[in-house]
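Build me a model:
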Amino acid sequence: MKILFICKYNRFRSKVAEAYFKKINKNKNLKVQSAGIIEVNKGLTPNEKKRNKQIKKEFDLNISSVSKGITAKLLESQDKIIVVASDVPKIIFDHWRWKEKVERWKAKDDHMAREKEVSKTVKFIFKKIDKLAENLK
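Coordinates of the predicted model:
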């Protein structure tokens, strides 16, 4: 099974979901990746770098890889698409070919947030991933 995590920029929420799922996943038949819908392949801002260091220190997750964008081919090749974002327009994923594959988690974008809000969002994503992993056993 292939799972794609999507957020707006592929710099935080979808990266956290991908990294945490890979960290806890024991089933080698489950493949995950992440992507963003806009402004991908750009460098991180100073605030994003600070946030990523916090996540590495607090949760032992490395999410500093280069962001990548979605394509129709990428979307079509997935068995499940999880939009890990409250700010991604729903209409983008209402296309008939992949509409049934889409699930929305609505995590807030905390790219400029304080450490407390970042931790809260990461923990929200962890809970969703734990539930997803349990359901896929």
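
what's the burial count for residue 94?
10 (other CB atoms under 10 Å). The C-beta positions use only the backbone N, C-alpha and C, and glycine is treated the same way.

swap in the one 10 residues further on?
When neighbours are defined as other CB under 10 Å, residue 104 has 15 of them.

Pull the contacting residues for the nearest residue to it once chain neighbours are set aside.
Ranked by CB to CB, 6 or more residues apart in numbering and with sequence neighbours excluded, the top spatial neighbour of residue 104 is residue 83, at 4.7 Å. Contact analysis of residue 83 by CB atoms under 8 Å, 6 or more residues apart in numbering lists 6-7, 93, 102-105.

try 7 Å
Residues in contact with residue 83 (CB atoms under 7 Å, 6 or more residues apart in numbering) are 6, 93, 102, 104-105.

And those, which two are furthest apart?
Greatest spacing in these, by CB to CB: 93 and 105 (12.7 Å).
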